[in-house]
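A.B. asks: okay, predicted coordinates and the sequence, questions at the end:
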Amino acid sequence: MEFDLEGIVIIVGNYGSGKTEVSINLAVRQKLSGMDVRIADLDLVNPYFRTREAKAALSGFGIETVLPPREYLKADLTYLSPVVAGMIREPSRLTLLDVGGDGVGATVLASLADSLRTQPVKMIQVVNPFRPSTETQAGCLKIKKEIETTSRLSVAGWIGNSNLMDETVAADIHSGYEFVKELADHSGLPLHFVTAEERLLPDIDLTRFACPVLPIQRQLVPPWRRAESMGEIRGPLNRIVSG
Amino acid sequence: MAKILMKGNEAIAEAAIRAGCLNYFAYPITPQSEVAEYLSWRLPEVGGVFLQGESEVAVSYMVFGASACGERVFTTSSSPGISLMSEGISYIAAAQCPAVFVNIMRGGPGLGGILPSQADYNQSVKGGGHGDYRMLVLAPASVQEAAEMTMMAFPLAEKYRNPVMILGDGLIGQMMEPVEFSEELIAEPSNKDEWATSGMDTRKSDKRNLVKTLYLVPEELNEHNLFLKAKYDRMEQEEVRFVSYNIDADYTALIVSYGTMSRVCQTAIDNLKDEGIEVGMIRPQTLFPFPEKAVLDAASKEGCKVAFSIEMSMGQMLEDVERSVKGRCPVRWYGKCGGEVPTPEEVVDVVKSNI
């Protein structure tokens, strides 16, 4: 199974759902599979752990990364680069917009509404059932509604990003998949893929999943750890690859 | 209860509720605003009070008022906001009311920046407001510890009838880690009849309580200060907390470091060990009282040639490390203040070039 995401893909979700880690890893994998990829950091609300932290890694793969200018890079100012609107008007094969958390973070999309209206876009919500506000389906749907209200766009699908960071075990990936699969069935929206840290892959039963798995190599790490090398990256995992 | 993935700010907020604190007043500031964001929806769920004050000065007096009435109360802010609260903190200490203050530090001075810092060490540890007062200062190094220290802070504040400060750098508030909360609820303060001005009919005692900070008779004010000093001395006797790392090795250097910086140092110590260089570390969990004896003992160990104060401030903790080491070995400082956390590689280089 391939990732079925192309064109302009807007990654949304609640605070700390893992939007940025997912966006970076998806960008690199799709780039390595030969796709032209661009990514824009639209997180205007959260001051730490943003796409900009992985700029060097992304540039190394030839992925164009749109960030605020240097003097505002580490600020919490609502600076939206004019380049983003141009990027939307002339999208590459995969253009990822990594948006800030919750409805508040998605407000930036309303200011891009004029540009977004001219293009087909897909807004996808990342869910981690181990985060406090998305432990239940009702919690996920509440966040979805808030994001839709402020962005004036509709969520078109889900990404399952079940994890407890370093303490994640394979069973958490399995139970997280069941959670987000049920959410997808209940909401009538597709589950595009689920994620799993690379180190967990040997213990994961891929036959359980009816969607691709995006292996994650962590880029957003605390200062006492090194980001994982993204040098050896495989394509999306699925039943055929695993079988 | 199962583990969940939380930001430090969220964990502090949830921990306060589990410690039985249902009163929170605050004014938002990066990088601690998630505490307020979380409690704005969570406190109404549990019948608590969330109120955004018009300023940090106002907030500090809302905290004072609630505490004076015998309510368990806390607030959170970041560096410039804590400066504004310092007046209220001094009043609360003078009036001997319990309260918990959380400072998720950002770079200074002035507006500084929004990235992590430990530059409010002196402000917290030596007393940032006017007058002779002290706060117990707890310094978490992980999200789990931030939650545990928050739960611990309320009974400590009540035990000493004094403000307790939780001092975390911006990363402690912003980073996410798995956290597990104990199911144990903290009981109502048993001693609140000692100070609460909650009305005579609510109390067992028939003693009238008066919350005041004005002492116009010099002998009385001196007496009051002596009483407070005895209390702070008791904290130094009873509340020292620290964690040591690689301290049983035959180390040639000792690092003293706290919070996020200590986790960087821990990685550096592991890397140095791989190169055959042993370094021990004392991580203060309480900054006041400072673990003087632990640092002295560790620096006095045979073979220890040098001690380092490694901090995201310009040598503020260094003074306490020097004071504790009592000249047993030279003490060096390393730190950064712009918001970039020193890397393990930098710490390794600093150690290697000084041994």
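C.D. replies: Happy to help now that I have it. Numbers count the residues shown, from 1 in each chain, chains lettered A, B, ... in the order given.

A.B. asks: surely residue A:183 meets residue A:157?
C.D. replies: No - taking contacts as CB atoms under 8 Å, residue A:183 lies outside contact range of residue A:157: 10.7 Å. (Each C-beta comes from the backbone N, C-alpha and C, glycine too.)

A.B. asks: overlap in contacts, those two.
C.D. replies: Common neighbours of residue A:183 and residue A:157 (criterion: CB atoms under 8 Å, 6 or more residues apart in numbering or on different chains): residue A:191.

A.B. asks: what are the ranges of the helices in the chain?
C.D. replies: The chain I'm using is chain A. A:19-32, A:55-60, A:70-73, A:82-89, A:102-111, A:113-117, A:137-151, A:170-187, A:239-242 (DSSP state H).

A.B. asks: wrong chain, I was asking about chain B
C.D. replies: B:8-18, B:33-45, B:56-68, B:79-95, B:121-125, B:143-160, B:170-174, B:218-238, B:259-274, B:292-300, B:316-325, B:344-352.

A.B. asks: rewinding a little: looking at residue A:183 and residue A:157, which is more packed in?
C.D. replies: Taking other CB atoms under 10 Å in any protein chain shown, residue A:183 and residue A:157 do not tie; residue A:183 has more neighbours (22 against 18).

A.B. asks: so who does that one touch?
C.D. replies: Contacts of residue A:183 (CB under 8 Å, 6+ apart): A:127, A:137, A:140, A:141, A:158, A:191.

A.B. asks: and with 6 Å instead?
C.D. replies: A:137, A:140 (CB atoms under 6 Å, 6 or more residues apart in numbering or on different chains).

A.B. asks: circling back to that earlier point, pick the most buried one from the helices of chain A.
C.D. replies: Sort those by mean neighbour count, taking mean count of other CB atoms under 10 Å in any protein chain shown, and helix A:19-32 sits at the top with a mean of 25.

A.B. asks: with just CA atoms, put that one into PDB.
C.D. replies: Extracted in PDB, the C-alpha atoms of helix A:19-32 (Å, rounded to 0.1, in the frame of the first residue of the first chain):
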ATOM      1  CA  LYS A  19       1.700  16.700  13.700                       C
ATOM      2  CA  THR A  20       5.200  18.000  13.100                       C
ATOM      3  CA  GLU A  21       7.000  14.700  13.700                       C
ATOM      4  CA  VAL A  22       4.600  13.000  11.300                       C
ATOM      5  CA  SER A  23       5.000  15.800   8.700                       C
ATOM      6  CA  ILE A  24       8.800  15.600   8.700                       C
ATOM      7  CA  ASN A  25       8.900  11.900   8.400                       C
ATOM      8  CA  LEU A  26       6.200  11.800   5.700                       C
ATOM      9  CA  ALA A  27       8.000  14.500   3.800                       C
ATOM     10  CA  VAL A  28      11.300  12.700   3.800                       C
ATOM     11  CA  ARG A  29       9.900   9.300   2.900                       C
ATOM     12  CA  GLN A  30       7.900  10.700   0.000                       C
ATOM     13  CA  LYS A  31      10.900  12.700  -1.200                       C
ATOM     14  CA  LEU A  32      13.000   9.600  -1.100                       C
END
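
A.B. asks: close to chain B, is that helix?
C.D. replies: No - Helix A:19-32 stays clear of chain B (CB under 6 Å from any CB of the partner chain), getting no nearer than 10.5 Å.

A.B. asks: tell me what that helix is packed against?
C.D. replies: strand A:7-13, strand A:37-42, strand A:94-99 (3 or more CB pairs under 6 Å, 6 or more residues apart in numbering or on different chains; DSSP states H and E).

A.B. asks: ok, back up a step: could I get the helices of chain B as JSON lines with distance to residue B:101 and mean pLDDT?
C.D. replies: Formatted as JSON lines, those follow (distance: least, CB to CB, whole Å; pLDDT from 0 to 100):
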{"stretch": "helix B:8-18", "distance to residue B:101": "11", "mean pLDDT": "97"}
{"stretch": "helix B:33-45", "distance to residue B:101": "12", "mean pLDDT": "95"}
{"stretch": "helix B:56-68", "distance to residue B:101": "8", "mean pLDDT": "98"}
{"stretch": "helix B:79-95", "distance to residue B:101": "6", "mean pLDDT": "98"}
{"stretch": "helix B:121-125", "distance to residue B:101": "9", "mean pLDDT": "97"}
{"stretch": "helix B:143-160", "distance to residue B:101": "9", "mean pLDDT": "97"}
{"stretch": "helix B:170-174", "distance to residue B:101": "14", "mean pLDDT": "96"}
{"stretch": "helix B:218-238", "distance to residue B:101": "16", "mean pLDDT": "98"}
{"stretch": "helix B:259-274", "distance to residue B:101": "16", "mean pLDDT": "98"}
{"stretch": "helix B:292-300", "distance to residue B:101": "24", "mean pLDDT": "98"}
{"stretch": "helix B:316-325", "distance to residue B:101": "18", "mean pLDDT": "98"}
{"stretch": "helix B:344-352", "distance to residue B:101": "30", "mean pLDDT": "98"}
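
A.B. asks: quick one: these as CSV, columns for mean neighbour count too.
C.D. replies: Below are those laid out as CSV (neighbours: other CB atoms under 10 Å in any protein chain shown):
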stretch, mean neighbour count
helix B:8-18, 27
helix B:33-45, 19
helix B:56-68, 22
helix B:79-95, 22
helix B:121-125, 23
helix B:143-160, 23
helix B:170-174, 29
helix B:218-238, 13
helix B:259-274, 22
helix B:292-300, 19
helix B:316-325, 21
helix B:344-352, 18
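
A.B. asks: what sits up against stretch B:143-161?
C.D. replies: B:8, B:11-12, B:15-16, B:19, B:72, B:96, B:98, B:100, B:136, B:138, B:140, B:164, B:166, B:172, B:177, B:179, B:189, B:231.

A.B. asks: could you redo the last one with a cut-off of 7 Å?
C.D. replies: B:6, B:8, B:11-12, B:15-16, B:18-21, B:72, B:96-100, B:136, B:138, B:140, B:163-164, B:166, B:168, B:172, B:175, B:177, B:179, B:181, B:186, B:189, B:191, B:195, B:231, B:235 (CB atoms under 7 Å, 6 or more residues apart in numbering or on different chains).

A.B. asks: which ones among these also lie next to chain A?
C.D. replies: Near chain A, judged by CB under 7 Å from any CB of the partner chain, the entries from the contacts of stretch B:143-161 are B:6, B:175, B:177.

A.B. asks: right, so of the helices and strands packed on helix A:19-32, which gets closest to residue B:25?
C.D. replies: Evaluated over the helices and strands packed on helix A:19-32, closeness to residue B:25 peaks at strand A:7-13, with 30.2 Å, by CB to CB.

A.B. asks: what residues are up against the closest residue to residue B:53 other than its chain neighbours?
C.D. replies: Among residues not flanking residue B:53 along the chain, residue B:59 sits closest, at 3.9 Å (CB to CB, 6 or more residues apart in numbering or on different chains). For residue B:59, the contacting residues are B:25, B:26, B:27, B:53, B:75, B:85, by CB under 7 Å, 6+ apart.

A.B. asks: quick check: residue B:59 vs residue B:160, distance?
C.D. replies: 22 Å (CB to CB, to the nearest Å).

A.B. asks: could you chop chain B up by domain?
C.D. replies: Chain B breaks down into these domains under automatic domain parsing: B:4-238, B:242-352.

A.B. asks: dump those to a markdown table, plus distance to residue A:210.
C.D. replies: Converted to a markdown table, the domains of chain B look like this (distance: least, CB to CB, whole Å):
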| stretch | distance to residue A:210 |
| --- | --- |
| domain B:4-238 | 25 |
| domain B:242-352 | 40 |
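
A.B. asks: which of those sits closest to residue A:172?
C.D. replies: domain B:4-238 (10.2 Å).

A.B. asks: distance across that closest one, terminal residue to terminal residue?
C.D. replies: End-to-end distance for domain B:4-238: 33 Å, by CA to CA, to the nearest Å.
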